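1. Please find the sequence and the predicted model below.
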Amino acid sequence: QVQLVESGGGLVQAGGSLRLSCAASGRGFITYHMGWFRQAAGREREFVAAINWRGDSTYYLDFVKGRFTISRDNVKNTVYLQMSSLKPEDTAVYYCAADQAMGRGPSYAQSDYDYWGQGIQVTVSS
């Protein structure tokens with residue numbers, strides 16, 4: 001069992017930056033691939049980024065490539081999402097999630113993730 005708690009959200013102007021953190025407690029963090037998803041008002045939750053358990057492979061939604069960076073610290077049991085050049089379209093509740101994958105890389109599919117944080121609001125003003 002893994003518990004996930006996001007932090008670092010808030011209000012930022014367009015063009016600004018934020019770093020989200022997701023702290024994991026419980027056992028086995030290093031064995032999980034980790035992902036970030038987001039859900040804007042009136043829209044379905046969507047994949048944003050994922051990182052494998054070793055931290056040497058990353059995957060991104062096309063819309064955020066070159067602007068967002070996912071990383072992890074397996075000593076601190078934390079995954080990060082550095083967001084730069086933020087746009088109003090990035091406004092959403094952001095969720096981190098843990099994927100206890102066996103024998104495959106990180107998934108883009110929400111259904112493959114086993115544990116979820118409670119979500120944190122990111123608002124980008126124009």
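-> Thanks, I have it.
2. Just the strands from this protein, written as ranges.
-> 2-7, 10-13, 18-26, 33-39, 46-51, 58-60, 68-73, 78-83, 92-99, 115-116, 120-125 (DSSP state E).
3. quick one: contacts for the residue nearest the centre of the chain?
-> Centroid check for the chain by CA atoms, centre = their mean gives residue 36 as the closest residue, at 2.2 Å. Applying CB atoms under 8 Å, 6 or more residues apart in numbering, one finds that residue 36 lies in contact with 20, 22, 48, 49, 50, 70, 79, 81, 94, 95, 96, 97. Where C-beta positions appear, they are placed from N, C-alpha and C, glycine not excepted.
4. Need the phi and psi values for the residue lying closest to the last one once chain neighbours are set aside.
-> Distance criterion CB to CB, 6 or more residues apart in numbering; nearest residue to residue 97, sequence neighbours excluded, is residue 113 at 3.8 Å. Backbone dihedrals for residue 113, given as degrees, to the nearest 10, come out at phi -90, psi 130.
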